[in-house]
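A.B. asks: Dropping the sequence and predicted coords here.
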Amino acid sequence: MVLDPVEAERRLEAFKQACKAAGEKLTSQRLEIFKEIAASEEHPDAESVYRGVRARLPNVSLDTVYRTLWWLTKMGIVTTLGPTQDRTRFDANLTRHHHFVCIRCGLTRDFYSEELDRLVLPESVAAIGSIERTQVEVKGICHACARKEQADSRNLDGGS
């Protein structure tokens, strides 16, 4: 499904501004890879992005697509859905629960919330398909990674 062209252009402009603000190069490959994601409502995976971009840039490699997708994620320009970067997670806890996922190390922990269990989904979700269950995935930085980043930052600053 193709996104509204006005929204796709808004996303593209935001991407260009983010690159400029971060002092990052806006290469043709990065631009085409971002365009492939920004113009779709399908939440494409890396292989789908690769196929779409390769139609326009035949010399692009799958490795370049993967590296760029993770760079876009690190820049905060795109987000990920589902499994973590390195591996799919499996869960034998079949009771109603939700997940916290660390965006740095991939730590995944269950948490319980009666409030989230009662989450009422908008009618627009039912228009997409039938709902079998809902589960909230909260992404953030775990305490261990936050402490490590804080320590690394202090070390770079000369221990102050």
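C.D. replies: Right, received. Where do you want to start? Numbering: from 1, shown residues only.
A.B. asks: And the next helix or strand past the helix or strand residue 10 falls within?
C.D. replies: Counting by DSSP states H and E, the element that carries residue 10 is helix 5-22. Sequence order places helix 28-38 as the next helix or strand after helix 5-22, per DSSP H and E.
A.B. asks: Helix or strand next in line after that next one, which one?
C.D. replies: helix 46-56.
A.B. asks: hmm, who's touching whichever helix or strand comes after that next one?
C.D. replies: Using DSSP H and E, the helix or strand that follows helix 46-56 towards the C-terminus is helix 62-75. For helix 62-75, contacts defined as Cβ atoms under 8 Å, 6 or more residues apart in numbering pick out 18-19, 22, 24, 29-30, 33-34, 37, 46-47, 49-50, 53, 78-80, 85. C-beta: built from backbone N, CA, C; applies to glycine.
A.B. asks: ok, and for helix 62-75, which residues are buried?
C.D. replies: 64-66, 68-69, 72 (16 or more other Cβ atoms under 10 Å).
A.B. asks: And the residues you listed, which two are furthest apart?
C.D. replies: 64 and 72 (12.2 Å; Cβ to Cβ).
A.B. asks: outside of the helix or strand that contains residue 155, which residues touch it?
C.D. replies: Applying DSSP H and E as the criterion places residue 155 in helix 143-156. Residues external to helix 143-156 that are found in contact with it (Cβ under 8 Å, 6+ apart): 102, 104-105, 107, 141, 160.
A.B. asks: got it, and stretch 127-134?
C.D. replies: 119, 121, 125.
A.B. asks: can you tell me which of those are in helices?
C.D. replies: In helices, defined here by DSSP state H, the members of those are residue 125.
A.B. asks: Are any of the contacts of stretch 127-134 buried, and if so which?
C.D. replies: Of the contacts of stretch 127-134, not one counts as buried by 16+ other Cβ under 10 Å.
A.B. asks: where does residue 135 land in three-state SS?
C.D. replies: coil (DSSP: H, G, I helix; E, B strand; the rest coil).
A.B. asks: Next, the nearest residue to it once chain neighbours are set aside: phi, psi?
C.D. replies: Nearest non-adjacent residue to residue 135, counting by Cβ to Cβ, 6 or more residues apart in numbering: residue 98, 5.8 Å away. Dihedral pair for residue 98: phi -130, psi 180, per degrees, to the nearest 10.
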